[in-house]
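S.K.: no FASTA, just this:
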Ligand SMILES: Cc1ncc(COP(=O)(O)O)c(C=O)c1O
């Protein structure tokens, strides 16, 4: 059992909700990313999603797009991200790590991804592959690496069924129509869709996109097995990229964790 | 090998190993909805009647196949015929596609139209059909292109559409497409996205090809009438590849006709500064489809360079990638300077000022295969007229107004 499944099983057994935090590898630089990952864990984060920068991140809003651009200026690519994960694992061998990005860079580094569990990666989330498929369709077929699928408010009943049955790790429910960082959460719709997903699948369902405040977090955690927060963290990283003083991010994350307890 | 062109794309949207639907999950339903609508409408008599009536009375089709006497004498390598898409309403082939897609939008009851544009021709063609139906219209355009195609920006605004300058990435066509896709993800319920080339996720490459293939079907009839057989070669410029695909598609199973696509060679393919993925790229995934792509050694999309905004794109339609691999079409590259020279040559010799995109196709006349002679019939697809490029050409020639 990989770290991701172990962690989610454990949280469910103690009736806690998962806090998943996102950052972009190499924004503002790789050393800061490593520090931030440890800070995340200290501040109550259960699972870390590491964004793999891409020149054309079509699912991202302006905040995360700019983070991708900054990381690309630092020449960050999958090989040095794998190295980052190895460095993280020297200190922390239990926090699950998910690599999140776009198909072109993943399929470009198929062999590397396929054995990335040996370097400490637990799952990948490829934003632009159809949800009923998984990375195995693209030549990456290591059973220790989960392939996280997305379901959105516009996903048809038929596809929800296919995706939910096919998913591994957890189902990522995208809480709104829009790119990352938007804000128009429709709680009714979220609730009813997550119920549908659960009727087809035993794996946990986590909710993400558009979560900013403790109140958003609390509300969505009621309907899901956990929440995923990205843009608001990346925004704070952006604002501190000169000073490299990330203390406030720690406070923010502790606040979120408390809100979903 | 006999190619059954009807079989492509397959039900998953693939042309061989190219194409597909690589989009965020939110858009999957919109693509399915579009696919369903299109498959129901495309063979319906009502839809066809409406589409062809618009092509004839609004666009001005059929466009002539014109014998270019002076170009023929100049190049001495075959009879040169020009397919006059530049004479279409709004000045390019782009209108064939937008007239068709706006009908799909109308049948689907969508209230809001979005599009990306490079040279601005697709933006103009989209704003035009949206105006005609009174639909709200938003055009995404790279900030760089807003500068170099300012005339078209103003035309789009006159037509009542909103122009959004896109600053991200390289601020050209690729980034305009990213931003249009983001708009679509956000407003998917009431918005129809009119993609401007045979690119993007399935079913777009098929739909845009089908609407533009009126060009190739006319060419079959016109060739028979004017020189009694099929042409020996069709030359078309390739950005995303819609004018080329429209001209090529009806000829895929007519082996006697060579299909030659001309990509933008920028500063020269060997310099790496160009927009010629079929000449110097490798398969990758961008904007929803797998196709040849300009990418670096870690799978990031490379910056492009071309004097022509409409060809300045690192990807290409998946059907072209397939035609290249199976050897049915040939793809060459013409650099900026050659295209500019051809722009002047054609303007002076024929009194036809081509778009800079189209000038790339003309420039290939300088490199025609050695086995072409007076009996060879060569068609150049004149994808658009050059009015929009006068500022660019003047600036390069050092002229200030
Ligand atoms: C006149 C003209 N020709 C060609 C193109 C390139 O597009 P495509 O390759 O889809 O025909 C454009 C695009 O803007 C154009 O305006």
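M.R.: Arrived safely. Predicted model only: the values in this text are computed from it and were never measured. Numbering: from 1, shown residues only, chains lettered A, B, ... in the order given.

S.K.: spell out which residues of chain B are next to the ligand.
M.R.: Within chain B, the positions near the ligand by CB under 6 Å from any ligand atom are B:92, B:118-119, B:121-122, B:197, B:237-244, B:310-311, B:355, B:357-358, B:383-384. C-betas here are computed from N, CA, C, even on glycine.

S.K.: keep only those of the residues you listed that are in strands.
M.R.: Within the residues of chain B next to the ligand, residues falling in strands by DSSP state E are residue B:237.

S.K.: pull the contacting residues for the closest residue to the ligand within chain A.
M.R.: Distances between chain A and the ligand by CB to the nearest ligand atom are smallest at residue A:56, namely 18.6 Å. By CB atoms under 8 Å, 6 or more residues apart in numbering or on different chains, the contact list for residue A:56 reads A:102, B:169, B:174, B:175, B:178, B:286, B:287, B:301.

S.K.: can you report how many residues neighbour whichever residue of the stretch 51-200 of chain A sits closest to chain B?
M.R.: Per CB to the nearest CB, the residue of the stretch 51-200 of chain A with the smallest distance to chain B is residue A:108, at 2.9 Å. Neighbourhood size, residue A:108 [other CB atoms under 10 Å in any protein chain shown]: 20.

S.K.: which parts of chain A are strands?
M.R.: So, for chain A - with DSSP E - the strands run A:18-24, A:47-51, A:97-101, A:123-126, A:146-147, A:149-151, A:171-174, A:205-208, A:226-229.

S.K.: reformat these as CSV; add mean pLDDT and mean neighbour count.
M.R.: As requested, the strands of chain A are arranged in CSV below (pLDDT from 0 to 100; neighbours: other CB atoms under 10 Å in any protein chain shown):
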stretch, mean pLDDT, mean neighbour count
strand A:18-24, 98, 26
strand A:47-51, 98, 25
strand A:97-101, 98, 24
strand A:123-126, 95, 25
strand A:146-147, 93, 24
strand A:149-151, 95, 25
strand A:171-174, 96, 26
strand A:205-208, 96, 24
strand A:226-229, 98, 25
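
S.K.: any chance of JSON lines for these, columns distance to the ligand?
M.R.: Listed next are these as JSON lines, based on distance: least, CB to the nearest ligand atom, whole Å:
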{"stretch": "strand A:18-24", "distance to the ligand": "33"}
{"stretch": "strand A:47-51", "distance to the ligand": "32"}
{"stretch": "strand A:97-101", "distance to the ligand": "28"}
{"stretch": "strand A:123-126", "distance to the ligand": "28"}
{"stretch": "strand A:146-147", "distance to the ligand": "34"}
{"stretch": "strand A:149-151", "distance to the ligand": "30"}
{"stretch": "strand A:171-174", "distance to the ligand": "31"}
{"stretch": "strand A:205-208", "distance to the ligand": "36"}
{"stretch": "strand A:226-229", "distance to the ligand": "38"}
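
S.K.: how about the residues of the stretch 1-150 of chain B by chain A?
M.R.: B:21, B:22, B:23, B:24, B:25, B:26, B:27, B:28, B:29, B:30, B:32 (CB under 8 Å from any CB of the partner chain).

S.K.: let's go with 6 Å and repeat that
M.R.: Contacts of the stretch 1-150 of chain B with chain A, taken as CB under 6 Å from any CB of the partner chain, map to B:21, B:22, B:23, B:24, B:25, B:26, B:29.

S.K.: likewise for the stretch 201-350 of chain B?
M.R.: So the stretch 201-350 of chain B meets chain A at B:284, B:285, B:298, B:299, B:300, B:301 (CB under 6 Å from any CB).

S.K.: surely the second one meets residue A:104?
M.R.: Yes: at 4.6 Å, residue B:285 and residue A:104 qualify as touching, with contact defined as CB atoms under 6 Å.

S.K.: more crowded one of those two?
M.R.: Relative neighbour count places residue B:285 above the other of residue B:285 and residue A:104, with 27 against 24, counting by other CB under 10 Å.

S.K.: would you enumerate the residues in contact with the more buried one?
M.R.: A:103, A:104, B:22 (CB atoms under 6 Å, 6 or more residues apart in numbering or on different chains).

S.K.: count the neighbours of the first one for me.
M.R.: With neighbours defined by other CB under 10 Å, the count for residue A:103 comes to 21.

S.K.: hmm, residue A:128 and it touching each other?
M.R.: Yes: between residue A:103 and residue A:128 there is a contact under CB under 6 Å: 5.2 Å.

S.K.: what do the two both touch?
M.R.: Joint contacts of residue A:103 and residue A:128 (CB under 6 Å, 6+ apart) are residue B:22.

S.K.: okay, which residue is most central for the chain?
M.R.: Looking at chain A here, since you left the chain open. Closest to where the C-alpha atoms of chain A average out (CA atoms, centre = their mean) is residue A:49, at 3.7 Å.

S.K.: looking at chain B here, not the other one
M.R.: residue B:242 (3.1 Å).

S.K.: is it true that that residue touches residue B:198?
M.R.: Yes: using CB under 6 Å, residue B:242 is in contact with residue B:198, at 4.8 Å.

S.K.: where does the prediction get shaky in the stretch 301-401 of chain B?
M.R.: Counting by pLDDT under 70, the stretch 301-401 of chain B contains no low-confidence residues.

S.K.: all helices of it, in order?
M.R.: Per DSSP state H, counting those that start in this stretch, the stretch 301-401 of chain B carries helices over the ranges B:318-325, B:336-350, B:356-363, B:390-396.

S.K.: rewinding a little: wait, the residue nearest to the centre of chain A touches residue A:99, no?
M.R.: No: using CB under 6 Å, residue A:49 is not in contact with residue A:99, being 8.0 Å away.

S.K.: what do the two both touch?
M.R.: Common neighbours of residue A:49 and residue A:99 (CB under 6 Å, 6+ apart) do not exist.
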